[in-house]
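J.: fold the following and give me the result.
(chains A and B)
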Amino acid sequence: KAGVTQTPRYLIKTRGQQVTLSCSPISGHRSVSWYQQTPGQGLQFLFEYFSETQRNKGNFPGRFSGRQFSNSRSEMNVSTLELGDSALYLCASSLSSGTNTGELFFGEGSRLTVL
Amino acid sequence: AQSVTQLGSHVSVSEGALVLLRCNYSSSVPPYLFWYVQYPNQGLQLLLKYTTGATLVKGINGFEAEFKKSETSFHLTKPSAHMSDAAEYFCAVITLPGTYKYIFGTGTRLKVLA
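T.: Prediction:
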């Protein structure tokens, strides 16, 4: 069974640009979550999508957005990049059912550097 | 609001020694608690989880953790450290099953000395 796939793995952007990151969940997983990981802040929850709908959102500015497609693949976008957006962006997928206990399956992340 | 505190951002142990990584949580409702491990340049992998039932839970690679409600703790232990245990460990909580809105601790980097 293929794991969670994130692309691209590494990217470098300059301030003011925008970036789109992609995540393909494990087959059959309908929930996709995004996290930002930085050395100082640890993992911060960005948002979670289920069946193409944003179900939960963290405390990030509107420059951070996402979406989910009918095949459960998800993208997140960051506009008007700032230096502080440099981070590892992790995608995680999960089953979403009444019996599920919330285990997340993570991809290897997309490392964004903003210059 | 719920929160997770991991005591010690860096922990060093000798190979063969006990591993103890501390995690305390704050939650107004019964929590679901997790430990994840992250190896260099990889995503996070579930080590173990507590949902309901037995308070001592066993995970992969010989790790275990005990949920202590009175102490609001969920410390991770392993009797004998191995070099391959060197990684970053994250404690996490969700308080509403199905939301997947995890609250993660800031992580503890474990170093194993030969």
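J.: next one: the closest residue to chain A within chain B from A:Gly3, what distance?
T.: Going by CB to the nearest CB, chain A is nearest to B:Gly43 of chain B, at 3.2 Å. Heads up, the C-betas are built off the backbone N, CA and C, glycines and all. Distance, B:Gly43 to A:Gly3, by CB to CB, to the nearest Å: 8 Å.
J.: what touches both of those two?
T.: Shared contacts of B:Gly43 and A:Gly3, defined by CB atoms under 8 Å, 6 or more residues apart in numbering or on different chains, are found at A:Gly107.
J.: ok, those two, which is more surrounded?
T.: Between B:Gly43 and A:Gly3, counted using other CB atoms under 10 Å in any protein chain shown, the more crowded position is B:Gly43 (22 against 14).
J.: ok, that one - contacts?
T.: Per CB under 8 Å, 6+ apart, neighbours of B:Gly43: A:Val4, A:Leu90, A:Ala92, A:Phe106, A:Gly107, A:Glu108, A:Gly109.
J.: name the nearest residue to it, sequence neighbours excluded.
T.: A:Phe106 (3.2 Å; CB to CB, 6 or more residues apart in numbering or on different chains).
J.: now check stretch B:9-19, is it near chain A?
T.: No: against chain A, stretch B:9-19 shows no contacts by CB under 8 Å from any CB of the partner chain, the least distance being 9.6 Å.
J.: distance from the chain centre to that stretch, please.
T.: In terms of CA atoms, centre = their mean, to the nearest Å, the centre of stretch B:9-19 is set 14 Å apart from its chain centre.
J.: what does stretch B:77-90 give?
T.: Distance, centroid of stretch B:77-90 to centroid of chain: 11 Å (CA atoms, centre = their mean).
J.: hmm, that stretch touching chain A?
T.: Yes: Stretch B:77-90 is in contact with chain A by CB under 8 Å from any CB, via B:Phe90.
J.: just give me the neighbour total for the residue nearest to A:Ser65 when sequence neighbours are not counted.
T.: Sequence neighbours aside, A:Asn77 is the residue nearest to A:Ser65 in space, at 5.0 Å (criterion: CB to CB, 6+ apart). By the criterion of other CB under 10 Å, A:Asn77 has 13 neighbours.
J.: doesn't A:Gln17 make contact with A:Asn77?
T.: No: look at A:Asn77 against A:Gln17 with CB atoms under 8 Å: they stay out of range, at 11.3 Å.
J.: and whichever helix or strand B:Phe34 is part of, which strands flank it?
T.: Assigned by DSSP states H and E, B:Phe34 falls within strand B:32-38. If you go by DSSP bridges, strand B:32-38 pairs up with strand B:44-50 (antiparallel), strand B:87-94 (antiparallel).
J.: and these: which comes nearest B:Tyr25?
T.: With CB to CB, the closest approach to B:Tyr25 among the strands paired with strand B:32-38 belongs to strand B:87-94: 4.9 Å.
J.: in the closest one, which residues are buried?
T.: By neighbour count on 16 or more other CB atoms under 10 Å in any protein chain shown, the buried set for strand B:87-94 is B:Ala87, B:Glu88, B:Tyr89, B:Phe90, B:Cys91, B:Ala92, B:Val93, B:Ile94.
J.: same thing with stretch A:9-21?
T.: A:Lys13, A:Val19, A:Thr20, A:Leu21.
J.: could you dump the residues you listed into JSON lines with secondary structure added?
T.: What follows is the buried residues of stretch A:9-21, written out as JSON lines (DSSP: H, G, I helix; E, B strand; the rest coil):
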{"residue": "A:Lys13", "secondary structure": "strand"}
{"residue": "A:Val19", "secondary structure": "strand"}
{"residue": "A:Thr20", "secondary structure": "strand"}
{"residue": "A:Leu21", "secondary structure": "strand"}
